[in-house]
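Enquirer: Pasted the sequence and its predicted model underneath.
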Amino acid sequence: MGDPLRALDRQQVGDGAATAVGDRGGARVEQFAERVYEVRYVDTTALGGSAPGPDTRAHGDGEAQDADRAPAAGAADTSAAGAAGDFGAPASAERLDRTIEALRANGFTAELLDDGAAARARIKDLIPEGAAVFTGASETLRLSGIAQDIEAGDRYEAILPRVLTMDRATGSDQIRRLVATPDVFVASVAAVTETGSLVIASGSGSQLPASAGGAARAIWVVGAQKVVPDLNTALRRVEEHALPLESARAQAVYGQPSAVNRLLVLNAEPRPGRGTVLLLREAIGF
């Protein structure tokens, strides 16, 4: 990964996550594959859910939930989608509706919007003027124009441009606090399950505290192609789809591949009103 803080050591895998691993990136990917195997077979208990700048800089994404729960009636298409591995195709209207319903049941505020342009407009309604906003690494945010609106405009106190000008040797503690506890964190995820969980993959982990609870509010903008049936499929999507795309992008821009060194699974949102998912009907991002 390139700099802005080694690109702020902030990129996530799944939507544009430039995460450098040095010359041993390949080995670390293999370690991740082993961890996925453990998740699948060590604990298969169903997880209940009720309320838990530059053009060359990528912007990135995540999911979780029960892998072995039997599909509900009418959910056969989800298994077919997972088996086919077509992780770039948008989910059907039925699957999108099912995901929205599950997210709400798990305590997230969830809205179904048409496209990135609709999300861009909605973001302006959701974030109060003057708020300190940190934008996560995400192709979805870049392509939709949301990153540009937040980082280049004067409506908000944009954290990313600020930290990119700070000295990492003398200001590392302040940088860490700024990115971990913003008023609002805006990003995407690598996958969202139809059982209402979000999966976020990262190389450095620097963006994960804000998603996990450090930010007063978090907003995730999620393309329709990121909807998957369950946690197993979400982890496959990270490995087989998002990581290769981001690695190719990172290699071209930074001269180094990405890796999945950390995974965050949000099964529910325990603080009402904190976490908002803007699920789109269009495919956008990785």
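Expert: That came through fine.
Enquirer: Below-threshold pLDDT in the protein: ranges please.
Expert: Within the chain, the ranges that satisfy pLDDT under 70 run 1-85.
Enquirer: Just the helices from the stretch 101-250 of the chain, written as ranges.
Expert: Using DSSP state H, counting those that start in this stretch, the helices of the stretch 101-250 of the chain run over 116-126, 139-144, 146-152, 159-164, 168-180, 208-209, 231-237, 243-254.
Enquirer: For R217, find the nearest of those.
Expert: Taking Cβ to Cβ as the criterion, helix 116-126 is the member of the helices of the stretch 101-250 of the chain that comes nearest to R217, at 8.0 Å. Quick note: C-beta positions are derived from backbone N, CA and C, even for glycine.
Enquirer: How about the secondary structure of V277?
Expert: Here V277 takes the strand state, with states given by DSSP: H, G, I helix; E, B strand; the rest coil.
Enquirer: residue contacts, the closest residue to it other than its chain neighbours?
Expert: Take V277 and drop its neighbours on the chain: the residue closest to it by Cβ to Cβ, 6 or more residues apart in numbering is A110, 4.6 Å away. Listed by Cβ atoms under 8 Å, 6 or more residues apart in numbering, the contact partners of A110 are T99, I100, L103, R104, T276, V277, L279.
Enquirer: and A110, how far is that from L279?
Expert: Distance, A110 to L279, using Cβ to Cβ, to the nearest Å: 6 Å.
Enquirer: So for the two, which residues contact both of them?
Expert: Shared contacts of A110 and L279 (Cβ under 8 Å, 6+ apart): T99, I100, L103.
Enquirer: What about the second one, how many residues nearby?
Expert: The local packing of I100 (other Cβ atoms under 10 Å) involves 20 other residues.
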